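**Student:** Have a look; sequence and predicted model below, questions after that.
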Amino acid sequence: MPELPEVETIKSQLSDFLPMKIIKTSFSDKTSRLIRQQDFVIKDGIITSISRKGKFLIFRFENENHFLISHLGMSGTWRISDQKLQGLEAKHAHIIFEGDSKVLSYVDPRRFGLAYFLNKNNYELKCQSFPIDISENAFDANHIFKIFKTYPNKTLKPFLLDQKHFSGVGNYIASEICARARLLPNRQVNTLSKKDCNNIKAAIDLIIYGAIKGSGTTFGGGYRDAFGEKGEGVNHLVVFHQQTCQLCKKTEVIKSNLGGRGTFHCPRCQK
Ligand SMILES: [Zn+2]
């Protein structure tokens, strides 16, 4: 599933091709689940910018009353190519913007993605429903400490997966946050200090921006970036699916099951 670093990668790769003039728009015949709202029917126009809010991509157009909000679901991506996609990729392309030199296609084999074509009023309403996510500046150590104070009996790693409080943290990111912050995944959060929260915040930044440098992370061949390449972010992982801890480089990583999810930690580096 594309997580924050992967969505951020796609955003920054596509941004290099903006503004993009759309000459023709077409849709596959399988968009009934994908397109959740359609305030306007897009034919042509200019995409002026793409930003990210959590795992949502927000496309802005020259027409300031037009917005497209896109969530990649389990297997979605936006592909930029010189020509219309061919073969299997073409089969899974559900929204196709043809420009004068490039083609931008929303490709999603499993079709759990979401797309909202919204006018300005509805866009602003939709934005209000987005929670603050871990990649935002306001999500700082104080904010984390406050959450832990409010829910003192939670266990760290499963709690990090709670999207109500830690929007954008997926399973691999949660293991990596604990490792980089040097905290055991099964710590009860009321035992964590303000300094631990500082370390968690630093870990979040490192993981998101570290993975962006490596174009996101691919497991089991799922994720493709905007150029159809697999991410290389897996090289940055220190415990998740690693044999040896990449922090101390000498201790065997322990795999466990915590709250029903595969969890990885280093018994030497994490306390
Ligand atoms: Zn270690």
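**Tutor:** In hand now; what should we look at? Residues are numbered from 1 along each chain as shown.

**Student:** isn't H66 right up against N119?
**Tutor:** Yes. Because the distance of 7.1 Å satisfies C-beta atoms under 8 Å, H66 is recorded as touching N119. In short, each C-beta sits where N, CA and C put it, glycine included.

**Student:** Common neighbours of these two, please.
**Tutor:** Taking C-beta atoms under 8 Å, 6 or more residues apart in numbering as the contact rule, the neighbours common to H66 and N119 are F40.

**Student:** More neighbours: which of those two?
**Tutor:** A side-by-side neighbour count of H66 and N119, using other C-beta atoms under 10 Å, places H66 first with 19 against 14.

**Student:** ok, now which ones touch the more buried one?
**Tutor:** H66 makes contacts with F40, I42, G45, R60, F117, L118, N119, as judged by C-beta under 8 Å, 6+ apart.

**Student:** in what helix or strand does the fifth one lie?
**Tutor:** It stands for F117. Secondary-structure element containing F117, defined by DSSP states H and E: strand 114-118.

**Student:** And the average pLDDT for that strand is what?
**Tutor:** Model confidence over strand 114-118 averages 98 on the pLDDT scale.

**Student:** Remind me what that strand packs against, helices and strands.
**Tutor:** Of the remaining helices and strands, those touching strand 114-118 by 3 or more C-beta pairs under 8 Å, 6 or more residues apart in numbering; DSSP states H and E are strand 35-38, strand 67-71, helix 120-128.

**Student:** give me the number of residues near E252?
**Tutor:** Using other C-beta under 10 Å as the criterion, E252 is surrounded by 12 other residues.

**Student:** gap between it and the ion?
**Tutor:** The gap separating E252 from the ion is 9 Å, by C-beta to the ion, to the nearest Å.

**Student:** Find the residue closest to that residue in space, skipping its chain neighbours.
**Tutor:** Nearest residue to E252, sequence neighbours excluded (C-beta to C-beta, 6 or more residues apart in numbering): T244, at 6.3 Å.

**Student:** give me every residue that touches the one you found.
**Tutor:** Contacts of T244 were listed using C-beta under 8 Å, 6+ apart, and they are K250, T251, E252, V253.

**Student:** can you tell which of the helices and strands packed on strand 114-118 is closest to E6?
**Tutor:** With C-beta to C-beta as the criterion, E6 lies closest to strand 67-71 of the helices and strands packed on strand 114-118, at 12.3 Å.

**Student:** quick one: strands adjacent to that closest one?
**Tutor:** Strand pairing for strand 67-71, determined by DSSP bridges: strand 56-61 (antiparallel), strand 114-118 (antiparallel).

**Student:** Which helix or strand lies directly C-terminal to that strand?
**Tutor:** Using DSSP H and E, the first helix or strand after strand 67-71 is strand 77-81.

**Student:** Check the offset of that next one from the chain's centre.
**Tutor:** Between the centre of strand 77-81 and the centre of its host chain there is 16 Å, according to C-alpha atoms, centre = their mean, to the nearest Å.

**Student:** Can you mark which positions in the following helix or strand past it are buried?
**Tutor:** Towards the C-terminus, the helix or strand next in line after strand 77-81, according to DSSP H and E, is helix 87-91. Neighbour-count burial for helix 87-91 flags E89 (criterion: 16 or more other C-beta atoms under 10 Å).

**Student:** One more: stretch 168-188?
**Tutor:** Buried positions in stretch 168-188, judged by neighbour count with 16+ other C-beta under 10 Å: 168-181, 183-187.

**Student:** Looking at those residues, which are in helices?
**Tutor:** Those of these mapping onto helices are N171, Y172, I173, A174, S175, E176, I177, C178, A179, R180, per DSSP state H.

**Student:** Relative to the ion, how far out is the third one?
**Tutor:** The one in question is I173. Between I173 and the ion the distance, using C-beta to the ion, works out to 18 Å.

**Student:** between the ones in helices among the buried residues of stretch 168-188, which is nearest the ion?
**Tutor:** For these, the minimum distance to the ion (C-beta to the ion) is 7.7 Å, reached by A179.
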